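A.B. asks: Quick one, what's the 3D model for this:
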Amino acid sequence: QVFPSQDPLDRADFNAVEYINALFPTEQSLANIDEVVNKIRLKIRRLDDNIRTVVRGQTNVGQDGRQALEEAQKAIQQLFGKIKDIKDKAEKSEQMVKEITRDIKQLDHAKRHLTTSITTLNHLHMLAGGVDSLEAMTRRRQYGEVANLLQGVVNVLEHFNKYMGIPQIRQLSERVKAAQNELGQQILADFEEAFPSQGTKRTGGPSNVLRDACLVANVLDPRIKQEIIKKFIKQHLSEYLVLFQENQDVAWLDKIDRRYAWIKRQLVDYEEKYGRMFPAEWCMTERIAVDFCHITRAELSKIMRTRAKEIEVKLLLFAIQRTTNFEGLLAKRFSGCTLADGTGKKPEVPPPSTNPFLEDETGAETDEIVMEKSDTDKPKKPKVPDNPFHGIVSKCFEPHLYVYIESQDKNLGELIDRFVADFKAQGPPKPNVDEGGAVLPSCADLFVYYKKCMVQCSQLSTGEPMIALTTIFQKYLREYAWKILSGNLPKTTSSSGGLTITSLLKEKEGSEVAKFTLEELCLICSILSTAEYCLATTQQLEEKLKEKVDTSLMERINLTGEMDTFSIVISNSIQLLVQDLDAACDPALTAMSKMQWQNVEHVGDQSPYVTSVILHIKQNVPIIRDNLASTRKYFTQFCIKFANSFIPKFINHLFKCKPISMVGAEQLLLDTHSLKMVLLDLPSIGSQVVRKAPASYTKIVVKGMTRAEMILKVVMAPHEPPVVFVDNYIKLLADCSTDTFQKILDMKGLKRSEQSSMLDLFRLRLPSPPPGGDGSGSLSLSAPTPEQESSRIRKLEKLIKKRL
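C.D. replies: Okay, the predicted model is just below:
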């Protein structure tokens with residue numbers, strides 16, 4: 001690695017034999033052997049010379065190293081001595097600098113102390129002179145000069161806070177405080193004289209003395225300023241309390257406009273007479289308006305409590321509208337900066353009244369209210385409104401909003417009754433297959449009214465009244481679902497899902513089962529579409545209500561029960577459509593089970609009962625599909641539920657076809673395949689636009705009808721030898737139920753003795769039960785089918801009869 005070499009002699013795996021063979025590969029090459037030997041000898045001599053030279057060169061290395069080490073030690077000693085000399089000289093230099101700068105530091109401290117003393121004496125001179133001038137100006141009521149001087153004196157006095165232990169300084173501070181107190185009392189007395197609490201206001205305009213006094217009050221204790229503002233506003237609004245006393249006719253809600261007209265005149269009068277007397281930063285105009293609002297809210301609350309029985313909805317809404325208009329006017333005129341200070345408490349502000357629906361109402365019959373999609377993803381946090389005065393007066397109406405809520409309860413009750421009467425008078429909607437099932441117009445009317453109530457109530461209050469209104473909404477959503485939707489669904493004899501004695505007798509007699517008319521099918525689809533629309537809109541209504549109500553009350557708004565009610569209406573509508581089509585197919589299936597399949601001699605086209613089933617499907621499904629064009633997912637649910645109902649029923653009737661010959665089984669297999677193709681095409685049957693059926697539906701049809709085909713294939717298989725037949729059954733059906741196996745044996749027409757031996761063999765060939773099984777004789781790879789359950793019930797009935 002240190003001396004890389006390509007010479008073969010230097011390799012770690014050197015092989016002498018291979019090296020010689022490389023030098024002399026042939027016999028002819030041996031002629032040069034002497035020349036090769038000479039080269040090797042020469043190389044050996046050179047190596048010896050190199051080794052000898054290296055060995056001789058190492059004899060003097062030790063002596064040279066020791067000599068170099070001694071020289072290095074001497075150099076280090078010399079360097080250490082030089083460093084020590086430098087350190088000693090640095091210490092001497094530092095001592096010299098300290099001696100030189102000591103006097104300079106003393107001079108610097110003396111200068112600083114002298115400067116501070118001169119500044120303090122100057123401040124003291126200013127303070128003493130200022131206090132004397134302040135006392136003299138106060139006696140002469142020279143408030144203009146006092147305002148500037150007092151601020152300067154206070155600023156200078158702050159420099160003496162650390163010298164308050166000196167008696168003279170403390171005495172000056174006490175004189176300043178006394179002057180401030182005297183100024184405060186004197187200014188209050190001047191304002192009391194100019195604007196007495198009792199009697200009328202002074203006819204003359206404001207004096208310059210009072211204007212300058214307000215500037216002084218800005219420098220004094222804030223309580224002086226607040227006292228001036230409080231007394232002035234109280235005196236300015238004293239006339240209002242007299243004019244609008246509780247016993248006055250103008251105090252009632254129907255003349256609430258006069259209150260707001262009075263304050264508007266007073267504010268104009270104030271601006272003309274006193275606008276320049278008070279500093280602009282005092283915002284006196286806004287303070288007068290705010291105090292007026294607080295007084296008005298208290299007075300209105302008191303008079304409404306006294307005359308609560310006289311409050312009507314129109315009167316209440318009139319007063320609220322005028323009040324909110326006045327609050328909006330205040331928001332345009334003032335900034336609301338005084339609402340947070342001591343003169344007034346800032347009212348609670350509700351979230352803004354935004355339209356909860358994307359589109360405004362344009363007509364009572366055709367409007368559809370659509371919520372904003374961006375709002376449905378996640379609820380927004382309430383925004384602070386632009387109007388800081390919202391609720392400053394109108395808050396007093398909130399305890400009486402129960403009148404409004406009761407009125408809306410009554411109006412909604414009348415609206416529902418009108419919907420019921422209109423439906424009875426106009427009858428079910430006419431079938432309109434081309435445009436699809438339409439939503440009932442009453443649904444749009446209901447939600448338009450809900451929107452109007454919600455927006456109106458949110459402007460009045462975002463507290464408990466909104467919760468009460470939500471309760472009213474819930475009540476009439478349920479009533480609409482039951483009275484208008486569920487109450488108008490067509491009635492059926494087997495609406496509970498089971499067979500009645502009447503339907504059994506009709507089936508036994510072979511009579512046709514009553515079907516829904518075209519109008520009834522369209523009505524069911526229309527009710528389903530309406531319920532779907534109500535479900536979606538109710539969910540959006542809940543989110544909008546949560547946006548408008550106070551954050552602390554959001555959890556109390558829950559319309560899940562009403563959404564569940566509409567879901568029940570949708571489920572019942574789909575079930576009615578399924579039962580109607582299912583019942584129409586029953587006679588055909590009954591005819592299939594009554595045919596003599598052992599006498600079928602040849603396989604032809606599809607049987608008449610298949611044609612009958614297909615006819616009923618082609619009659620009903622296109623109507624339902626076209627009327628549910630706007631709600632495709634529920635049409636898919638209808639197809640799935642029909643498949644889940646029809647296929648087990650078909651298999652149950654298939655078991656009743658016994659005995660079956662080989663040709664009969666082939667005919668049934670052909671019929672089953674025809675029904676399978678029709679069912680797979682069910683979602684788009686009779687449609688010009690062919691759509692691929694949903695995967696979930698296709699899976700159900702393929703699984704169910706494949707089982708029916710497997711049953712017929714097992715029936716077609718020879719039962720000899722029995723072992724092969726049993727294994728073939730287990731392989732094709734994967735059903736370990738002895739009841740199903742027994743039914744297939746009945747379909748083949750085997751005798752009881754043959755069935756007994758075949759059942760024993762079937763039990764022996766069954767796969768072993770999984771660990772933890774109950775070890776019962778009747779095992780199933782899947783959940784018990786309805787046929788198994790009915791068989792168990794029959795066995796239980798026989799056992800009870802034997803016991804009796």
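A.B. asks: Spell out which helix or strand contains Tyr634, please.
C.D. replies: helix 632-655 (DSSP states H and E).
A.B. asks: Would you mind listing the outside residues contacting the helix or strand just after that helix?
C.D. replies: Scanning forward in sequence from helix 632-655, with DSSP H and E defining helices and strands, the next element found is helix 662-680. Among residues not part of helix 662-680, those counted as contacts by CB atoms under 8 Å, 6 or more residues apart in numbering are 592, 597-604, 606-607, 609-610, 613-614, 617, 643, 646-647, 650, 654, 657, 660, 685, 693, 698, 701-702, 705, 708-709, 712-713, 715-716. (C-beta placed from N, C-alpha, C; glycine too.)
A.B. asks: at 6 Å instead, please
C.D. replies: Here helix 662-680 makes contact (CB atoms under 6 Å, 6 or more residues apart in numbering) with 597, 600, 603, 606-607, 610, 614, 701, 705, 708-709, 712, 715-716.
A.B. asks: Now Ala717: closest residue in space that isn't a chain neighbour?
C.D. replies: Across the structure, with CB to CB, 6 or more residues apart in numbering as the measure, the residue nearest Ala717 apart from its sequence neighbours is Asn728 (5.5 Å).
A.B. asks: Remind me what the strand or helix carrying that neighbour packs against, helices and strands.
C.D. replies: The secondary structure element spanning Asn728 is helix 722-733 (assigned by DSSP H and E). Under the contact criterion of 3 or more CB pairs under 6 Å, 6 or more residues apart in numbering; DSSP states H and E, helix 722-733 touches helix 695-716, helix 752-765.
A.B. asks: between the helix or strand that it is followed by and helix 722-733, how many degrees?
C.D. replies: The first helix or strand that comes after helix 722-733 along the chain, using DSSP H and E, is helix 738-748. With axes from the mean of the first three to the mean of the last three CA atoms, to 10 degrees as the criterion, the two stretches helix 738-748 and helix 722-733 enclose an angle of 110 degrees.
A.B. asks: Dump helix 738-748 to PDB, restricted to CA.
C.D. replies: Extracted in PDB, the C-alpha atoms of helix 738-748 (Å, rounded to 0.1, in the frame of the first residue of the first chain):
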ATOM      1  CA  THR A 738     -79.500 -29.400   6.500                       C
ATOM      2  CA  ASP A 739     -82.800 -27.500   5.800                       C
ATOM      3  CA  THR A 740     -81.500 -26.200   2.500                       C
ATOM      4  CA  PHE A 741     -80.100 -29.600   1.600                       C
ATOM      5  CA  GLN A 742     -83.500 -31.200   2.400                       C
ATOM      6  CA  LYS A 743     -85.300 -28.700   0.200                       C
ATOM      7  CA  ILE A 744     -83.000 -29.500  -2.700                       C
ATOM      8  CA  LEU A 745     -83.700 -33.200  -2.200                       C
ATOM      9  CA  ASP A 746     -87.400 -32.400  -2.300                       C
ATOM     10  CA  MET A 747     -86.900 -30.500  -5.500                       C
ATOM     11  CA  LYS A 748     -85.200 -33.500  -7.100                       C
END
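A.B. asks: so what does it touch, helix or strand wise?
C.D. replies: helix 695-716.
A.B. asks: elements contacting the helix it packs on?
C.D. replies: Using 3+ CB pairs under 6 Å, 6+ apart as the contact criterion, the elements in contact with helix 695-716 are helix 632-655, helix 662-680, helix 722-733, helix 738-748.
A.B. asks: Throw the ones you listed into a markdown table and include mean pLDDT, thanks.
C.D. replies: Supplementary listing: the helices and strands packed on helix 695-716 in a markdown table, determined by pLDDT from 0 to 100:
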| stretch | mean pLDDT |
| --- | --- |
| helix 632-655 | 91 |
| helix 662-680 | 90 |
| helix 722-733 | 83 |
| helix 738-748 | 85 |
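A.B. asks: Ok, which of the ones you listed comes nearest Ile20?
C.D. replies: helix 722-733 (78.9 Å; CB to CB).
A.B. asks: Check the contacts of helix 662-680 and tell me the two furthest apart.
C.D. replies: Farthest apart among these - using CB to CB - are Val600 and Val701, which lie 26.1 Å from each other.
A.B. asks: so where is the stretch 151-300 of the chain shaky, pLDDT-wise?
C.D. replies: Along the stretch 151-300 of the chain, the parts satisfying pLDDT under 70 run over 151-152, 154-155, 157, 159, 161, 163, 180, 196-208, 218-219.
A.B. asks: Could you list the buried residues of stretch 696-713?
C.D. replies: Neighbour-count burial for stretch 696-713, counted by 16 or more other CB atoms under 10 Å, picks out Tyr697, Thr698, Ile700, Val701, Gly704, Met705, Arg707, Ala708, Met710, Ile711, Leu712.
A.B. asks: With adjacent residues omitted, what lies nearest to the fourth one?
C.D. replies: Pointing back at Val701 there. Taking CB to CB, 6+ apart, and ignoring the residues beside it in sequence, Val701 has Leu679 as its nearest neighbour in space, at 4.7 Å.
A.B. asks: hmm, back to that, quick one: the residue nearest to Ala717 and Tyr402, what's the gap?
C.D. replies: Distance, Asn728 to Tyr402, using CB to CB, to the nearest Å: 77 Å.
A.B. asks: same thing with Ala22?
C.D. replies: Shown here: Ala22 relative to Tyr402, a distance of 118 Å by CB to CB.
A.B. asks: the more surrounded of these two?
C.D. replies: Neighbour tally, Ala22 and Tyr402, criterion other CB atoms under 10 Å: the higher count belongs to Tyr402, 14 against 10.
A.B. asks: how's this protein carved up into domains?
C.D. replies: With domains defined by the TED database, the chain comprises 394-490+517-571, 717-766.
A.B. asks: most neighbours per residue, which of the ones you listed?
C.D. replies: When neighbours are counted by mean count of other CB atoms under 10 Å, the highest per-stretch mean among the domains of the chain falls to domain 394-490+517-571, a mean of 19.
A.B. asks: ok, so of the contacts of helix 662-680, who is nearest Ser630?
C.D. replies: Among the contacts of helix 662-680, and counting by CB to CB, the member closest to Ser630 is Val701, at 24.9 Å.
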